[in-house]
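> sharing a sequence plus its predicted fold:
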Amino acid sequence: MSEPTPVAGVTSAGGAPPAGGRFSASIFDMDGLLIDSEILWHEAELEILGDLGVPLTGDGCRGTKGMFVGEVTDYWYAQYPWPGPTPSEVAVTIVDRVIELLLTKGELKPGAEQAIALCTAHGLPLAVASSSQYRLIDTALEHFGLRHHFALVHSAEDEPWGKPHPAVFLTAASKLGAPPRRCLVWEDAPAGVLAAKAASMACIAVPEHGEEHQPAFALADAVLGSLLDMDEGRFDAFCRGPAGTA
């Protein structure tokens with residue numbers, strides 16, 4: 001793995017964003033946060049793993065939410081070993097299917113563009129740090145016209161561990177030239193919140209409906225029902241105040 005280098009044209013380490021405040025960069029998860037794709041992952045996993053004999057349910061899919069797809073297939077293979085394709089080959093098939101579903105019926109999450117615009121208005125360089133593979137991230141961002149907003153896209157594909165390990169966020173911060181404690185992470189998954197806090201970053205969590213009870217969300221600096229709940233006034237106060245004031 002090569003040493004991360006700062007991305008040209010973004011705020012240097014330690015530099016304050018033009019609008020002032022405690023953040024130097026904003027890092028977004030993608031699946032379930034910007035893109036309403038968790039239901040697509042569930043569909044693909046239920047279909048493909050189910051055909052291999054894994055007795056998977058919707059709750060089972062939620063249990064591996066936020067993990068890198070290779071870790072998901074390794075996890076299920078360890079419990080229900082199947083004949084034929086390797087876990088790595090099954091992971092490729094699942095991602096192929098998710099891309100198909102995303103292009104045919106994927107949607108942006110409500111407030112995704114608003115959240116991006118708020119960060120941009122505060123002068124924060126933006127990154128996507130996702131457990132998805134680059135080919136899915138790139139397809140999704142291009143499909144929804146979001147790619148130009150982000151100075152950096154980083155995948156756990158390049159890391160030895162996926163979330164809840166903080167590596168994907170720490171590498172993204174390093175490449176942006178931003179100290180971890182001056183980074184703001186936007187997440188929807190418990191594993192992502194744990195990764196953000198392990199990286200010593202602030203975190204705004206937007207749990208999927210029905211997952212609000214997960215203990216990890218108590219660690220977030222703000223918990224929203226929707227990205228639409230973070231309006232300009234609330235975001236400005238969050239950026240200027242101490243942790244936990246949102």
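Arrived safely, thanks for sending.
> before we move on, which element is Pro164 in?
For Pro164, there is no helix or strand it lies in under DSSP states H and E.
> and for it, the neighbour number?
Neighbours of Pro164 under the rule other C-beta atoms under 10 Å: 18. Any C-beta I mention is one placed from the backbone N, CA and C, and that applies to glycine too.
> do you know how far Ala196 is from Leu33?
Relative to Leu33, Ala196 is positioned 12 Å away (C-beta to C-beta, to the nearest Å).
> which residues does the residue nearest in space to the middle of the chain contact?
When C-alpha atoms, centre = their mean is applied to the chain, the residue found nearest the centroid is Asp29 (1.9 Å). The neighbours of Asp29, taking C-beta atoms under 8 Å, 6 or more residues apart in numbering as the test, are 66, 128-130, 185-189, 192.
> where do the helices of the chain begin and end?
Ranges of helices within the chain are 38-51, 58-63, 69-79, 87-105, 112-121, 134-143, 167-176, 190-198, 232-240, based on DSSP state H.
> so can I have JSON lines of these showing distance to Glu212 and mean pLDDT?
Listed next are the helices of the chain as JSON lines, based on distance: least, C-beta to C-beta, whole Å; pLDDT from 0 to 100:
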{"stretch": "helix 38-51", "distance to Glu212": "15", "mean pLDDT": "93"}
{"stretch": "helix 58-63", "distance to Glu212": "13", "mean pLDDT": "64"}
{"stretch": "helix 69-79", "distance to Glu212": "23", "mean pLDDT": "91"}
{"stretch": "helix 87-105", "distance to Glu212": "25", "mean pLDDT": "96"}
{"stretch": "helix 112-121", "distance to Glu212": "19", "mean pLDDT": "97"}
{"stretch": "helix 134-143", "distance to Glu212": "25", "mean pLDDT": "96"}
{"stretch": "helix 167-176", "distance to Glu212": "22", "mean pLDDT": "98"}
{"stretch": "helix 190-198", "distance to Glu212": "11", "mean pLDDT": "96"}
{"stretch": "helix 232-240", "distance to Glu212": "19", "mean pLDDT": "92"}
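> I'd assumed Ala25 was in contact with Leu184.
Yes. Proximity of Leu184 to Ala25 meets the contact threshold set by C-beta atoms under 8 Å, at 7.3 Å.
> overlap in contacts of the two?
Leu124.
> and Lys197, what does it touch?
Here Lys197 is in contact with 203, 219-220 (criterion: C-beta under 8 Å, 6+ apart).
> of those residues - the most surrounded one?
Cys203 (27 neighbours).
> so who does Asp188 touch?
Neighbours of Asp188 in contact, by C-beta under 8 Å, 6+ apart: 29, 31-33, 38, 205-208.
> most distant residue from the centre of this structure?
Pro83 (32.1 Å).
> quick check: can you list the domain ranges of this structure?
25-36+108-240, 38-105 (automatic domain parsing).
> distance between the longest one and the chain's centre?
When C-alpha coordinates are averaged (C-alpha atoms, centre = their mean, to the nearest Å), domain 25-36+108-240 and its chain have centres 5 Å apart.
> can you give me the end-to-end span of it?
Using C-alpha to C-alpha, to the nearest Å, the end-to-end distance of domain 25-36+108-240 comes out at 14 Å.
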